[in-house]
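Visitor: Got a predicted model here, sequence first, then my questions.
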Amino acid sequence: MYFLMCLYYILYFIRPTEWVPGIIGMPILLIVGCFSVFLLFSLAIRNQINILGNPSDKMMLGFFSAIIASNLFHGYLSGIKYSMSSFFPIIVGYTLVIHSITDKKKLWSFVVLLICLSSILASEGLLQHTTGFAHGGLPPIVEKTTSLDGDMLAVERIRWYGVFNDPNDYGMVLILVVPLIFELMFRGNYLIAFVSISLILPAIFYTNSRGTILAGLVSVCTYFVLRYKSYKGLAIGGVIALLLFAFGPSRISSISGKEASAYGRISAWYEAYQMFKENPFFGVGHNMFTDHHWLTAHNSYVLVMAELGVVGLFFFTGLIYHPLYWLWQHVFVRQAHSISKTDLGLISAIYASLGGILFSMFFLSRSYMLLPFLMFALATASTRIFSEKNESMMFDESNAKHFRNIAILTFVQILFINIVVKVFI
């Protein structure tokens, strides 16, 4: 099952069926996914794995049920078929990580695999920037943008195939591994760390993605804060942020709260809140936001609120809550007495990567993309592994306060969106 998981992610990241002659269009990823599901159920039947063995699994099941319910509530029967087929790769990728990574060796091997895959995509992006085409003939995107002084700029943005065709999505792949590379470096594996970082940092620059740059800063700062229990990571990130605004990509220097895109996003939030008020329980339906407003929400949490209602937002919040609660309790509150310094470094890197992804989702509508769910699963799997020798570190899902906390966080998100739209619209 671990081999199938690695193969699945290799196919998902590299996407050979979209650019390699001879296999273009072949459903290889779907075949591997179906075989993985068959294996998972066969192991579950024989009680070798428990598919709903942790609270995150139950939240994932609830989130998928909310997607289906949002279509059923509005009678979108064809939408149910689309939702099931589009969310299938995410369920498979999530479940494989949760139940395949069962020890530290597998965890580290998968972390190195993610670094290698991201480095390959980064090298393709750099090839695209220098020659005009990646392998398979994919060119970069050229966009027009306006600087702060009013000049029109032609901005080239590198990308990859399929779900990474948008430079912002491509950037999420790159920032995901940056804290993991730092941890690899601190453990003395300089060769892989140096090669990967020398590819990934320039590729991040050439995405010309403001959200990617800022999310990368968040992930690096989070890594240092968690690893060293200090705020020097914030100081490092602040210095880097100033340098980026001064010398960074053209789209970074053009950040402005007054620009049309910023107002368009707030306007989309307003429309999202109106959709939620009209359909508070199940939303307007999965993938139906743009049927009600021409511009997407540009915020994954707002999108879930509008499309899946309070039910979907509750389970989505639960997926984020459970791993972060464990981190708070066993790294901050209890000062990680039962976690070795070496293990703490890896935990810090994984959660820093999760933090970067969560931050980037605040600016992107990526509620149904695999990368966030990959990090939910990886954080959950790692906490389970590091808790195995200490029962007091295991997550107590029977405690009713977790349900209450998730409900409160769900309400706070809705209240926050309400305040924002009232202040700025």
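Guide: Structure's in. What do you need?
Visitor: For the residue nearest the centre of the chain, which non-adjacent residue is closest in space?
Guide: The residue lying closest to the centre of the chain (Cα atoms, centre = their mean) is Pro372, at 2.5 Å. Nearest residue to Pro372, sequence neighbours excluded (Cβ to Cβ, 6 or more residues apart in numbering): Ile357, at 5.3 Å. All C-beta spots, glycine's among them, are computed from the backbone N, C-alpha and C.
Visitor: ok, now which ones touch the one you found?
Guide: By Cβ atoms under 8 Å, 6 or more residues apart in numbering, Ile357 lies in contact with 172, 175-176, 215, 371-372, 375.
Visitor: Could you measure from it over to Arg366?
Guide: Using Cβ to Cβ, to the nearest Å, we find Ile357 at a distance of 9 Å from Arg366.
Visitor: shared neighbours of the two, anything?
Guide: Listed as contacting both Ile357 and Arg366 by Cβ under 8 Å, 6+ apart are 172, 372.
Visitor: Compute the mean per-residue pLDDT across stretch 17-24, please.
Guide: The average pLDDT within stretch 17-24 is 95.
Visitor: Buried residues, that stretch. List them.
Guide: Across stretch 17-24, burial judged by 16 or more other Cβ atoms under 10 Å covers 17-19.
Visitor: Can you list the low-confidence ranges for the stretch 151-300 of the chain?
Guide: Applying pLDDT under 70 to the stretch 151-300 of the chain flags residues 151, 230-263.
Visitor: give me that answer again for 90
Guide: Within the stretch 151-300 of the chain, the stretches with pLDDT under 90 are 151-155, 186-190, 208-218, 220-269, 293-298.
Visitor: Run through the helices of it in chain order.
Guide: Under the criterion DSSP state H, counting those that start in this stretch, the stretch 151-300 of the chain contains helices at 167-186, 190-206, 210-228, 232-247, 250-253, 260-278, 289-292, 300-327.
Visitor: Figure out which of those helices is closest to Val92.
Guide: Nearest to Val92, of all those, is helix 300-327, at 16.1 Å by Cβ to Cβ.
Visitor: just the angle between the closest one and helix 260-278, please?
Guide: Computed by axes from the mean of the first three to the mean of the last three Cα atoms, to 10 degrees, the angle separating helix 300-327 from helix 260-278 equals 80 degrees.
Visitor: next structured bit after helix 300-327?
Guide: Using DSSP states H and E, the helix or strand that follows helix 300-327 in sequence is helix 341-361.
Visitor: Now do the buried residues in that following helix.
Guide: 344-361.
Visitor: Going along the chain from it, find the next helix or strand for me.
Guide: Counting by DSSP H and E, the element after helix 341-361 in chain order, helix or strand, is helix 370-387.
Visitor: Who are the packing partners of that next one?
Guide: Packing contacts for helix 370-387, counted by 3 or more Cβ pairs under 8 Å, 6 or more residues apart in numbering; DSSP states H and E, involve helix 55-74, helix 77-100, helix 104-131, helix 167-186, helix 300-327, helix 341-361.
Visitor: which residues are in contact with the first one?
Guide: Outside of helix 55-74, the residues that reach it under the criterion Cβ under 8 Å, 6+ apart are 51-52, 77, 79-80, 83-84, 87, 91, 94-95, 98, 279, 281-286, 288, 307-309, 311-312, 314-316, 318-319, 322-323, 368, 373, 376-377, 380, 395, 397, 402.
Visitor: Filter those down to the buried ones.
Guide: 51, 79-80, 83, 87, 91, 94-95, 98, 279, 282-286, 288, 307-309, 311-312, 314-316, 318-319, 322-323, 368, 373, 376-377, 380, 395, 402.
Visitor: Can you verify my assumption that Met361 contacts Leu303?
Guide: No. Taking contacts as Cβ atoms under 8 Å, Met361 lies outside contact range of Leu303: 9.3 Å.
Visitor: what touches both of these two?
Guide: Both Met361 and Leu303 are contacted by Ser367, under the criterion Cβ under 8 Å, 6+ apart.
Visitor: what about the nearest residue to His293 once chain neighbours are set aside, neighbour count?
Guide: Leaving aside its chain neighbours, His293 sits nearest to Glu271 (4.1 Å; criterion: Cβ to Cβ, 6+ apart). Glu271 has 19 neighbouring residues, counting by other Cβ atoms under 10 Å.
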